[in-house]
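Student: What follows is a predicted protein model with its sequence.
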Amino acid sequence: MSNIIKILGIHGSLRKNSYNKIVLETARDLLPKNVEMEIFELDKIPIFNQDLENTPSEVVTTFKKKIRDADAILIATPEYNYSVPGVLKNAIDWASRPYPDNSWDGKPVAIMSASEGLLGGARAQYHLRQIFVYLNMYPINKPEVIIQNAKEKIYKGKLEDAHSIEKIKELLNALVDWTMKLQH
């Protein structure tokens, strides 16, 4: 076991100035000591096709390896139509297939969401938690990082809201503690 905790960060939006990408980059800047985070971009992952699951593209193979090599996962996601964005669900599907080659199996995971709406992506988080049950992942329950009215809290590509930043720090510490417990 390494002294460094490796987190794989994933954001569920392809938008250039995505609030969730900014929130994930903020988290990377707030990592506790002995923690590293790599952010994986989902823009090159093809649409899932079960006919191809036994011969995935190189980007899918790389993605699955990065998941396996990570000690924990951190997802920042918007909410689309009361649920998980298609790009994120697509990536989750690829990394869990073919059955039983589930790259997510046994991984500790934390979720953050940022949205212009009043619920801040809460429904997407709840749907992710349902998906995690099937994938046999171990989510952090508290604290919840749900950033409402994100447009007002992000200025020039930076999260400026002190409360949100504090919650992200708490979530990162909880994820590291949970990861260490699961490793022992």
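Tutor: Yep, it's here.

Student: what sits against the residue nearest in space to the middle of the chain?
Tutor: Among the residues of the chain, the one closest to the centroid is residue 75, at 1.2 Å (C-alpha atoms, centre = their mean). Counting by C-beta atoms under 8 Å, 6 or more residues apart in numbering, residue 75 makes contact with 9, 10, 11, 12, 88, 109, 110, 111, 112, 128. Glycine gets a C-beta too; all of them are placed from N, C-alpha and C.

Student: Is the third one bridged to anything, and to what?
Tutor: Going back to what we said before, that points to residue 11. residue 76 (DSSP bridges).

Student: count of residues packed around it?
Tutor: 28 (other C-beta atoms under 10 Å).

Student: do you know how far the residue located most distally from the centre of the chain is from residue 98?
Tutor: Checked against the mean C-alpha position of the chain, the extreme residue using C-alpha atoms, centre = their mean is residue 51, at a distance of 26.5 Å. When distance is defined by C-beta to C-beta, to the nearest Å, residue 51 is 11 Å away from residue 98.

Student: can you pull out the helices in this structure?
Tutor: Listed in chain order, the helices of the chain (DSSP state H) span 19-29, 58-69, 86-96, 122-135, 150-153, 162-183.
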